[in-house]
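1. the following comprises the amino acid sequence and a computationally predicted model.
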There are 2 protein chains.
Amino acid sequence: MHPSEKPRASAPIRRRVTAAMVAERAGVSTATVSLVANGKASGRVSASNEILVREAIRELGYVVDSIGSSLARGVSNTVIMVAPDISNPFFAMVIAGVRAALGSEYQLLLSVTDAGQLPSAENTRRLLGLRPAGLLVDAPDPTFLQELSAPGPMVLLDAPGFGSDVPAVNLDVAQGALAIAAHLSATGHTTVAYLDGDTGTTTFDVRREAFLTAAEELGMSVPPEAQIATTINVGLAANAFATAWPSWKKAGVTAVVCATDTHAYGILQEARAAGILIPGELAVTGFDDLPYSTTSSPGLTSVHLPGELLGRRAAEQLLSLIAGEELEQQPITLESSLMVRGSTLEP
Amino acid sequence: MHPSEKPRASAPIRRRVTAAMVAERAGVSTATVSLVANGKASGRVSASNEILVREAIRELGYVVDSIGSSLARGVSNTVIMVAPDISNPFFAMVIAGVRAALGSEYQLLLSVTDAGQLPSAENTRRLLGLRPAGLLVDAPDPTFLQELSAPGPMVLLDAPGFGSDVPAVNLDVAQGALAIAAHLSATGHTTVAYLDGDTGTTTFDVRREAFLTAAEELGMSVPPEAQIATTINVGLAANAFATAWPSWKKAGVTAVVCATDTHAYGILQEARAAGILIPGELAVTGFDDLPYSTTSSPGLTSVHLPGELLGRRAAEQLLSLIAGEELEQQPITLESSLMVRGSTLEP
DNA sequence: CTGAAAGCGCTTACAG
DNA sequence: CTGAAAGCGCTTACAG
């Protein structure tokens, strides 16, 4: 028995299996092991040696060490995703899509905050120390992107208004905002409030501006005091609404458009507590069409946004970029559609 | 001008700043740079040299490369967390707690699936190639842990029944189950159904067994055909309930206890579609007390589980372990409490 | 087809 | 207090 194989009583951690150990066992060099382990053997390693190495790998349970590999190659096999809020089910759907498309070749590393804000560029730059193969940034604001100035492959998600120089997969939120305006106008509303997100992400700007423009064209008014913004959080939205409601009511507001379903849930919650009738006294709409919008009371009228698909397409684009391919059409825009439910429609 | 400094027109990626570059600028060795950059200078680097190095670091914008550092030290500065389902808001809360406690010293790497099952041990082992400083495993099943057999610091979350040999932070779900049984018995129910999760995690076993035992003691019956299990998913739970309801009704079931709020939402949804009165015809309870349980219709009676605290405490334990400290009391158990709402109580 | 060797960027005994 | 040097595990020209 080799001395180093002597079992240690207190520390039963088995020795890390290295390429050198595999090489010795197979009677080849580590270069050959590397080629076989990375699937680059064909045409460069003899069939007999390949078999020898594969056997040794299996017998020893060898796995390529990603730290060593990353250092040698200059990049790791991780993909970093920057997203504002993991506790928001919408981002969870996006992430699910990303994971699905990424497969097992790349490890997904999440840089998220809990406050609904994007992580600081400073913080994200630390993650860059992990030498990711690529970067995915969901719902960025212009400053973040500027400060980050990351090298290498990057794809933006839900990031309208960043031009076509950086690859992006967007959602047609403007179309959704138009649909809301049309629906509210058709159901007789003339004075409407807008509850925005305060993250500073451009997608919120587009939602709001598209709605305001459409509302004006349709002859609906959105009084300045009826335009407020909060963090993407049920409780905070509820509070903001509770404070604002008296003045809204005075102004004749009969509907409120929210930048996200989460904001809308806050209104639903506060309305129930305060005895405000939805949709009788106040109609409510959201963006996202989260699963809970079907089960809420009443059901929430919301712009359906294909989160899972958003993540999937973005990851696919990134994979192409990493592979060094040229991207064809940029940016990609995914369709949205309005789901009408009880929060805007009397039963 | 040094040749390598010549600006390249097409590739504006600035050269990675290395410790060697800092060392040259400061007129010291890389060993000294390493000491200063890692805060290990005191008593080992002269004050004058420390200042020189700090200046060079700032001027060059040097950041320690975590790949090189990890390789040299044998461990990285990442902590891997294994969780069954990122789209479940409960896990999102747990993760938020973990992040809060971990701070910026360690990067949190999430190994999650989307199906509500734990990732395969195989898959997680690949993440181990990143040489994490520690491991956090949420709601494991016994097999997973056995297959994983990971070395190094590890803390389990919501993992009752794993003995005291591996550090864990648990939730007092048994207490919650008792509270549900008592509440249902007190409100007159005698025949009850149980909708379980099918993940195989021990925390679900404990919830169910504790409830069944308490129900029996209180003289409530839980017919075998009224004990079913599904994945943690609103739609799947709704389907399972739709199929089971006729036989439950025949058996006299007037309440259903769900292993998670997510399961309960499925019942709420299907009940509304099928015109089943909640709680008149059927009372419903859950575990988790997610934010949506306040806004659902009716509000959901649920066992409040401190998810954020769970994550925070687990991360704190792990940090101690990584620092080589001994853990005092093991396992830690966090209290739960029953939140009674409209799904079990007539207005 | 194959292996010796250099190199990725860092940390840590070690000798001075 | 300081630096030369070895080493972490791997990959990749390069010479044969």
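-> Okay, I see it.

2. which other residues reach the lowest-mean-pLDDT helix or strand in chain A?
-> Least confident helix or strand, chain A: helix A:121-128 with a mean of 75, by mean pLDDT, DSSP states H and E. Residues outside helix A:121-128 that contact it (C-beta atoms under 8 Å, 6 or more residues apart in numbering or on different chains): A:80, A:82, A:109, A:111, A:143-144, A:147-148, A:150, B:63, B:104, B:107. Yep, even glycine has a C-beta here, placed from its N, CA and C like the rest.

3. next SSE downstream of that helix?
-> Using DSSP states H and E, the helix or strand that directly follows helix A:121-128 along the chain is strand A:134-138.

4. contacts for that following strand, please.
-> Taking C-beta under 8 Å, 6+ apart as the rule, strand A:134-138 contacts A:79-84, A:91, A:94, A:98, A:106, A:118, A:144-145, A:148, A:150, A:152-159, A:314-315, A:318-319, A:321-322.

5. now do the same for residue A:14: its pLDDT.
-> Note for residue A:14: predicted pLDDT of 53.

6. please disregard the earlier target; I meant residue A:286.
-> According to the prediction, residue A:286 has pLDDT 98.

7. the helix or strand hosting it and chain B, any residue contact?
-> Using DSSP H and E, residue A:286 falls within strand A:283-288. No. Using C-beta under 8 Å from any C-beta of the partner chain, strand A:283-288 stays clear of chain B, coming no nearer than 11.8 Å.

8. helices and strands around that strand, which ones?
-> With contacts taken as 3 or more C-beta pairs under 8 Å, 6 or more residues apart in numbering or on different chains; DSSP states H and E, strand A:283-288 sits against helix A:173-186, strand A:255-258, helix A:261-274, strand A:301-304.

9. how about the strands in the stretch 1-150 of chain A?
-> A:78-83, A:107-112, A:134-138 (DSSP state E, counting those that start in this stretch).

10. that older thread, in CSV, list the C-alpha atoms belonging to the least confident helix or strand of chain A.
-> Provided in CSV are the C-alpha atoms of helix A:121-128 (Å, rounded to 0.1, in the frame of the first residue of the first chain):
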residue,chain,number,x,y,z
ALA,A,121,-21.8,47.4,-10.5
GLU,A,122,-19.0,47.2,-7.9
ASN,A,123,-20.5,44.0,-6.6
THR,A,124,-21.0,42.5,-10.0
ARG,A,125,-17.5,43.3,-10.9
ARG,A,126,-16.3,41.1,-8.1
LEU,A,127,-18.2,38.3,-9.7
LEU,A,128,-16.3,39.0,-12.9
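
11. need the helices and strands packed on strand A:283-288 in a markdown table (columns: mean pLDDT and mean neighbour count).
-> Below are those laid out as a markdown table (pLDDT from 0 to 100; neighbours: other C-beta atoms under 10 Å in any protein chain shown):
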| stretch | mean pLDDT | mean neighbour count |
| --- | --- | --- |
| helix A:173-186 | 98 | 21 |
| strand A:255-258 | 98 | 29 |
| helix A:261-274 | 91 | 24 |
| strand A:301-304 | 98 | 25 |
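
12. just send the ones you listed back as a markdown table, with distance to residue A:289 too.
-> Below are those laid out as a markdown table (distance: least, C-beta to C-beta, whole Å):
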| stretch | distance to residue A:289 |
| --- | --- |
| helix A:173-186 | 10 |
| strand A:255-258 | 12 |
| helix A:261-274 | 7 |
| strand A:301-304 | 4 |
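
13. could you redo the ones you listed as JSON lines and give each row distance to DNA strand D?
-> Output for the helices and strands packed on strand A:283-288, formatted as JSON lines (distance: least, C-beta to the nearest atom of the strand, whole Å):
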{"stretch": "helix A:173-186", "distance to DNA strand D": "41"}
{"stretch": "strand A:255-258", "distance to DNA strand D": "49"}
{"stretch": "helix A:261-274", "distance to DNA strand D": "43"}
{"stretch": "strand A:301-304", "distance to DNA strand D": "43"}
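
14. can you put these in a markdown table and add distance to chain B?
-> Output for these, formatted as a markdown table (distance: least, C-beta to the nearest C-beta, whole Å):
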| stretch | distance to chain B |
| --- | --- |
| helix A:173-186 | 21 |
| strand A:255-258 | 14 |
| helix A:261-274 | 5 |
| strand A:301-304 | 14 |
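
15. which among these is found nearest to residue A:203?
-> helix A:173-186 (5.8 Å; C-beta to C-beta).

16. any residue of the following helix or strand past the closest one up close to chain B?
-> Counting by DSSP H and E, the next helix or strand C-terminal to helix A:173-186 is strand A:192-197. No. Against chain B, strand A:192-197 shows no contacts by C-beta under 8 Å from any C-beta, the least distance being 15.5 Å.

17. could you list the buried residues of strand A:192-197?
-> A:192-197 (16 or more other C-beta atoms under 10 Å in any protein chain shown).

18. with stretch A:236-244 instead?
-> Residues of stretch A:236-244 classed as buried by neighbour count (16+ other C-beta under 10 Å): A:236-238, A:240-242, A:244.

19. that'll do, ta.
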